[in-house]
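Trainee: Provide a 3D model corresponding to the input given below.
(chains A and B)
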Amino acid sequence: MTAPSRAQAAPAQPGAAPDLLYSEPEDDLRAAVRSLLTDRGGPAAVLADLESGRTHDTGLWRALAADMGTAGLLVPEKLGGQGASAREAAVVLEELGRSVAPVPYLTSAVLAVTALLGCETDRPEVAAPLAALAEGHSVGVLAVPLPTAPGTLPEPAVRADADGALSGEVTGVADAAAADVLLVPADGPYGYALYAVDANANGVRTAPGTPLDLTRTPARVTLDRAAGRLLAGQDTARAAVTGALLAGAGLLASEQLGIAEWCLAETVRHTAQRTQFGRPVGSFQALKHRMAALWLEVASARAAARNAADALATGSPDARVAVAVAQAYCAPVAVRAAEECIQLHGGIGMTWEHPAHLFLKRAKADEIALGTPGRHRAALAELADLQAP
Amino acid sequence: MTEEHPEAGSLDAEGLRRRTADLLAAHPPATTDPLAFLRARFDAGLAWVHFPPGLGGLDAPRALQVVVDTELEAAGAPDNNPRRIGIGLGMAAPTILRFGTDEQKKRFLRPLWTGEEVWCQLFSEPGAGSDLAALATRAVRDGDHWTVDGQKVWTSGAHQARWAILIARTDPELPKHRGITYFVCDLTDPGVDVRPLRQITGEAEFNEVFLTGVRIPDAHRLGEVGEGWKVAQTTLMNERVAIGGARMPREGGMIGVAAQAWRARPEARTHDLHQRLLGLWVEAEVARLTGERLRQQLAKGQPGPEGSGMKLAFARLAQQISGWEVEFLAEDGLAYDDWTLRRPEGVDFTGREAGYRYLRAKGNSIEGGTSEVLLNIVAERVLGLPPEPRTDKDVAWKDLPR
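Mentor: From the prediction side, this is the model:
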């Protein structure tokens, strides 16, 4: 038999070993965020609040983003932020995932902030909205469809006139209804460019639909000669949007980790107490093996998510691989954890009154957000030199 | 060998580097017999630095071993071929250190580490696999000796070994966990019969070991009579620590073999195999990162429970990836390199050809704890789920159904 040739080039290796643990300040930040979320009632309060028809929790956002300062974690201090990194933002997202909190953290504090950081931050048109987002006084969203994967920048659906008036329609813009400012990629006199548009300006219409995930609502944004301020053009604009999508996808993995953690912990808690056939159902091997397998997946998701956060924080040349691996792995783990949570809860898991469905809906929407697992695997075919047939 | 090491315990990386340089200066590897070098290294306390002085160590942090190993490797020093003596290093040595008498430690540890004496493990039996505590090999006291009769199985290296760690039943009247005692067994005893156990790969890594009237001096008992199960826990725990130890590069294991095969054979690629390979590549990379995270926790002195799960992921991936590769090779996958009954010195899961790798990987979810038992361990010890009701815990071993 012919042995396959082993003379091929070795795959690209990550550089210095990533730090996959949590530092003490990161642990402290987690404790503070968790304490805030617990005080506000956790998933049960989110569920109760849904009936009010609000798409996001403005009180929680103020406490988390402005009072605690987490909206500015990715922003250097001289630009009005906290001067932390993707590692700390990832810890916040783990906790937000664990509580399915309806706040625009991923959209404003990660995607919009990273897009602005990719522009020339010494220009006042960029610095002013960046500082406002970093302080948590303003909510920004990047006007691209939520399913957009990094590396597949779509042609803009919006046209810019020479005077900066923007027209067009973007669908699936997450948290648009919460936004004060929209960051809009548009085609116009400068080619591909990124504009800032006030959400309440003339000619801006935001129409949230009925979402699968009740805690992160996508909306249709229609612009009809809305006034835009140019943030960046051409390659800078493309790089800014691509960088934002990469950071968003990488940190979404930490939110997915948080979702999976809550689902596993609740399932263990429930099955250890729920008695049928004269014993706790969690003592049956058919159930405990499923939870043990899920535990291993959650532990693995943590390593993948930390690796992506660390790669983004250190600007590692391995970041694209780390993000694609984290998304391809963590997205299905969150979905499976939520599905197992419902199944192993039995009947109560299928009711509206139990919060498990909030986690399933968020997990399923997150699987589509910023690139499905299949799109990230396809990206790895190039990045890891495993070419398609 | 009993040289004093007054600074031991306060050693840092620099101190170890200095001692390593002293060793290399006194015993230049190029002109020193390899065994003489290994003995000198042991006596200098640089064999396993976390062991006590006089027993091959310096009471230094275990994490600093890499400092010594790196310096010695760079100097071209011989190693003790750790793959050949893995059971001695990973299982027998920590157990002897923890439970052995001073005489036992002095007698056994040095030749164990240098590889002069190979060790094997006489634990599993035909009737005691996952339920190891049900073992039936009997040890009966006869003055200052014990007489042992029984059958052990899945003993790797027994045909090369000088010594074995052995657990045997010393009191059948007690419940199964309480009537077991732990011994060191001399494999040159005329009552020891080692027979190769041929496995599905065609070769015989393992043996069946028949024990008939084997005489073991009481001085070769490890721990108290009836405490063998507790002693064995140390052995088995160290087996798991050893698994999580080494650092791995990207594509370092079975996935690297599969990925290189994919790159080398564009004509064999199909869309289905491509999708599955990408999925396996992601899972292998995440398993690598999980191992790396575990290693970082250990280095900080905060071992996480992830170690219990790593073997589960490793076994599943090794099986899926090696199965993928045989399928990818198509017509070449129909061939097998060699069915000859061979007795390999060690085992290389990624060695030989695809058919061998596929068949050998079947053992990964059985040896060292089946995946089903490991899932129970994770569920009960990590997640704290309630145990299954047990009917065998308080019954005398002799009354258990067999």
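
Trainee: show me what contacts residue 148?
Mentor: Chain wasn't specified; assuming chain A. Neighbouring residues of A:T148 by C-beta atoms under 8 Å, 6 or more residues apart in numbering or on different chains: A:P154, A:L245, A:L370, A:G371. No exception for glycine: its C-beta is placed from N, CA and C like everyone else's.

Trainee: oops, chain B please
Mentor: B:V148 touches B:137-140, B:166, B:168, B:183, B:185, B:191, B:211, B:213-216, counting by C-beta under 8 Å, 6+ apart.

Trainee: of these, closest to chain A?
Mentor: For those, the closest approach to chain A (C-beta to the nearest C-beta) belongs to B:T137, at 28.5 Å.

Trainee: doesn't B:Q151 make contact with that closest one?
Mentor: Yes. With contact defined as C-beta atoms under 8 Å, B:T137 counts as touching B:Q151 (7.0 Å).

Trainee: with neighbour numbers in mind, choose between the two.
Mentor: Taking other C-beta atoms under 10 Å in any protein chain shown, B:T137 and B:Q151 do not tie; B:T137 has more neighbours (22 against 16).

Trainee: which residues of chain A score low on pLDDT?
Mentor: Where chain A drops to pLDDT under 70, the residues are A:1-13, A:15.

Trainee: what's the distance between A:R159 and A:E169?
Mentor: According to C-beta to C-beta, to the nearest Å, A:R159 stands 11 Å off from A:E169.

Trainee: what's the next secondary structure element after the lowest-mean-pLDDT helix or strand in chain B?
Mentor: The helix or strand of chain B with the poorest confidence is helix B:228-243; it has a mean of 76 (mean pLDDT, DSSP states H and E). Next along the chain after helix B:228-243, taking DSSP states H and E as the criterion, comes helix B:254-264.

Trainee: hmm, that next one in reach of chain A?
Mentor: Yes. Helix B:254-264 is in contact with chain A by C-beta under 8 Å from any C-beta of the partner chain, via B:G256, B:A259, B:Q260, B:A261, B:W262, B:R263, B:A264.

Trainee: do the helix or strand following that helix and chain A meet at all?
Mentor: As assigned by DSSP H and E, the chain's next helix or strand after helix B:254-264 is helix B:271-299. Yes. Judged by C-beta under 8 Å from any C-beta, helix B:271-299 and chain A are in contact via B:271, B:274-275, B:277-279, B:281-283, B:285-287, B:289-290, B:292-293, B:296-297.

Trainee: among those, name the buried ones.
Mentor: For the residues of helix B:271-299 next to chain A, a burial check counting by 16 or more other C-beta atoms under 10 Å in any protein chain shown picks out B:274, B:277-279, B:281-283, B:285-287, B:289-290, B:292-293, B:296-297.

Trainee: any common contacting residues for B:T137 and B:Q151?
Mentor: Contacts common to B:T137 and B:Q151, judged by C-beta under 8 Å, 6+ apart, are B:E125, B:L211.

Trainee: ok, A:L93 - contacts?
Mentor: Applying C-beta under 8 Å, 6+ apart, we find A:L93 in contact with A:Y105, A:L106, A:V110, A:L251, A:L252, A:S254, A:E255, A:G258.

Trainee: now do B:C185
Mentor: So B:C185 contacts B:L122, B:V148, B:W163, B:A164, B:I165, B:L166, B:V192, B:L211, B:V214, B:I216, B:H220 (C-beta under 8 Å, 6+ apart).

Trainee: part of a helix, is it?
Mentor: No. Counting by DSSP: H, G, I helix; E, B strand; the rest coil, one finds B:C185 to be strand, located in no helix.

Trainee: nearest to chain B: which residue in the stretch 101-250 of chain A?
Mentor: For the stretch 101-250 of chain A, C-beta to the nearest C-beta, closest residue to chain B: A:G250, 13.7 Å.

Trainee: host element of that residue?
Mentor: With elements taken from DSSP H and E, the one containing A:G250 is helix A:234-273.

Trainee: residue contacts, B:L122?
Mentor: Applying C-beta under 8 Å, 6+ apart, the residues contacting B:L122 are B:T137, B:K152, B:T155, B:A158, B:A164, B:I165, B:L166, B:I167, B:C185, B:V209, B:L211.

Trainee: just put the residues you listed in JSON lines and tack on pLDDT and secondary structure.
Mentor: Converted to JSON lines, these look like this (pLDDT from 0 to 100; DSSP: H, G, I helix; E, B strand; the rest coil):
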{"residue": "B:T137", "pLDDT": "98", "secondary structure": "coil"}
{"residue": "B:K152", "pLDDT": "98", "secondary structure": "strand"}
{"residue": "B:T155", "pLDDT": "92", "secondary structure": "coil"}
{"residue": "B:A158", "pLDDT": "91", "secondary structure": "coil"}
{"residue": "B:A164", "pLDDT": "98", "secondary structure": "strand"}
{"residue": "B:I165", "pLDDT": "98", "secondary structure": "strand"}
{"residue": "B:L166", "pLDDT": "98", "secondary structure": "strand"}
{"residue": "B:I167", "pLDDT": "98", "secondary structure": "strand"}
{"residue": "B:C185", "pLDDT": "98", "secondary structure": "strand"}
{"residue": "B:V209", "pLDDT": "98", "secondary structure": "strand"}
{"residue": "B:L211", "pLDDT": "98", "secondary structure": "strand"}
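
Trainee: now distance to A:E297 too, for those residues, in TSV please.
Mentor: Converted to TSV, those look like this (distance: C-beta to C-beta, whole Å):
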residue	distance to A:E297
B:T137	39
B:K152	36
B:T155	34
B:A158	38
B:A164	38
B:I165	35
B:L166	38
B:I167	35
B:C185	42
B:V209	39
B:L211	43
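
Trainee: which members of those residues are the farthest-apart pair?
Mentor: Using C-beta to C-beta, the pair of the contacts of B:L122 lying farthest apart is B:A158 and B:I167, separated by 15.1 Å.

Trainee: excluding chain neighbours, what is closest to the residue nearest the centre of chain A?
Mentor: With distances taken as C-alpha atoms, centre = their mean, chain A has A:L252 as the residue nearest its mean C-alpha position (3.3 Å). Leaving aside its sequence neighbours, A:L252 sits nearest to A:L370 (C-beta to C-beta, 6 or more residues apart in numbering or on different chains; 5.6 Å).

Trainee: that neighbour contacts A:E255, correct?
Mentor: No. Assessed by C-beta under 8 Å, A:L370 is found out of contact with A:E255, at 10.6 Å.

Trainee: rewinding a little: list only buried entries from the contacts of B:V148.
Mentor: B:T137, B:R138, B:A139, B:L166, B:A168, B:F183, B:C185, B:L211, B:V214, B:I216.

Trainee: got phi/psi on the last one?
Mentor: Meaning B:I216. Torsion angles at B:I216 (phi, psi; degrees, to the nearest 10) stand at phi -120, psi 120.

Trainee: what is the burial count for the residue nearest to it when sequence neighbours are not counted?
Mentor: Spatial nearest neighbour of B:I216, chain neighbours left out: B:W146 (4.7 Å); criterion: C-beta to C-beta, 6+ apart. Neighbourhood size, B:W146 [other C-beta under 10 Å]: 24.

Trainee: thinking again about what came up before, in the contacts of A:L93, find the pair that's most separated.
Mentor: A:V110 and A:G258 (14.2 Å).

Trainee: low-scoring stretches of chain B, by residue?
Mentor: Scanning chain B with the threshold set as pLDDT under 70 gives B:1-10, B:238-246, B:303-304.

Trainee: hmm, 50 instead?
Mentor: Within chain B, the ranges that satisfy pLDDT under 50 run B:1-9, B:242-244.

Trainee: quick one, helices of it?
Mentor: With DSSP state H as the criterion, chain B has helices at B:13-26, B:34-43, B:65-74, B:86-87, B:93-99, B:102-114, B:228-243, B:254-264, B:271-299, B:306-329, B:354-361, B:371-377.

Trainee: sounds good, over and out.
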